[in-house]
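A.B. asks: Could you work out the structure for the sequence below:
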Amino acid sequence: MQLDTSWNAALHDLGIDGVTARREMVERAEHSHVAAGTVIIAQDEADDRVFLLLGGRARVVLLSENGQEIWLDAFEAGAVFGELAALTGAPRTSGIIAETDCDLAIYHGKTFFDLMHRHGEIGIALSRILAKRVQHTTQRMFELSALSAPGRIYAELLRMSRPVGSDGTARVIEPAPSMKELALRVNSTRETASRTINDLQRKGLLEKLKDRIELVDPDQLDRLRGSS
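C.D. replies: You can find the predicted model right below:
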């Protein structure tokens with residue numbers, strides 16, 4: 001079965017290798033392309049659809065009573081989301097907003113459950129996703145309670161980065177987040193984020209370019225995180 005690049009990458013990230021499972025994941029999906037800024041999932045809505053992000057980026061948010069947006073997480077291509085409402089039957093607990101134009105595969109809850117019953121590897125993939133999210137949430141809760149604002153920024157920079165180069169000692173964040181986005185990710189202020197980034201630049205630990213951020217010495221940044 002020939003799949004386009006986005007489907008191949010998404011199913012590979014999920015760990016779906018079976019030919020039949022892969023074919024049915026494609027055939028039973030509805031497809032949608034949404035523009036940046038589109039609300040993909042609205043907080044508190046009653047909806048059991050499950051989404052597979054084939055391309056683009058989206059953010060997970062909570063809206064407070066006064067309408068303030070609280071950043072929770074970010075999704076890249078290959079992410080599955082919306083599964084909690086499908087599993088529990090409860091309204092959506094958070095909102096999902098497209099940060100860039102996004103390509104989506106969409107499954108109604110009944111369809112997704114049928115796929116899981118028919119193909120155990122899909123259920124295993126979902127279990128791994130949920131376990132990683134619990135681990136991810138636990139780590140963020142620890143950072144909020146135990147680290148200073150600069151320490152949380154160090155941790156987030158390391159988390160957002162990927163290794164580059166043959167020896168993998170340097171790491172890069174591409175595209176570079178805005179200071180507002182970085183601040184939202186760590187529950188801080190834009191001023192604190194900007195001041196911390198500038199301080200890391202002065203120390204030679206980070207290089208901020210037009211389209212990316214390069215972490216020159218990730219090991220030292222990790223040590224700073226641990227001592228903050």
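
A.B. asks: tell me which residues in the lengthiest helix in the chain are buried?
C.D. replies: With secondary structure taken from DSSP state H, the chain has its longest helix at helix 120-146. For helix 120-146, a neighbour-count test (16 or more other CB atoms under 10 Å) marks I122, A125, L126, I129, R140, E143 as buried. For the C-beta atoms, the positions are set from N, CA and C on the backbone; glycine is no exception.

A.B. asks: And it, what does it pack against?
C.D. replies: helix 5-14, helix 19-27, strand 80-81, helix 83-88, helix 109-118, helix 149-160 (3 or more CB pairs under 8 Å, 6 or more residues apart in numbering; DSSP states H and E).

A.B. asks: could those be laid out in TSV, adding mean pLDDT and mean neighbour count?
C.D. replies: Below are these laid out as TSV (pLDDT from 0 to 100; neighbours: other CB atoms under 10 Å):
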stretch	mean pLDDT	mean neighbour count
helix 5-14	91	17
helix 19-27	95	15
strand 80-81	96	21
helix 83-88	92	17
helix 109-118	95	16
helix 149-160	96	21
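
A.B. asks: Mind putting these into TSV with distance to P218?
C.D. replies: Converted to TSV, the helices and strands packed on helix 120-146 look like this (distance: least, CB to CB, whole Å):
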stretch	distance to P218
helix 5-14	23
helix 19-27	35
strand 80-81	29
helix 83-88	32
helix 109-118	38
helix 149-160	6
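
A.B. asks: Mind checking the ones you listed for the one nearest to E65?
C.D. replies: helix 83-88 (21.2 Å; CB to CB).

A.B. asks: before we move on, the earlier item: between the helices and strands packed on helix 120-146, which gets nearest to E214?
C.D. replies: Of those, nearest to E214 by CB to CB is helix 149-160, at 10.5 Å.

A.B. asks: angle of the closest one against helix 120-146?
C.D. replies: Angle of helix 149-160 versus helix 120-146, following axes from the mean of the first three to the mean of the last three CA atoms, to 10 degrees, is 160 degrees.
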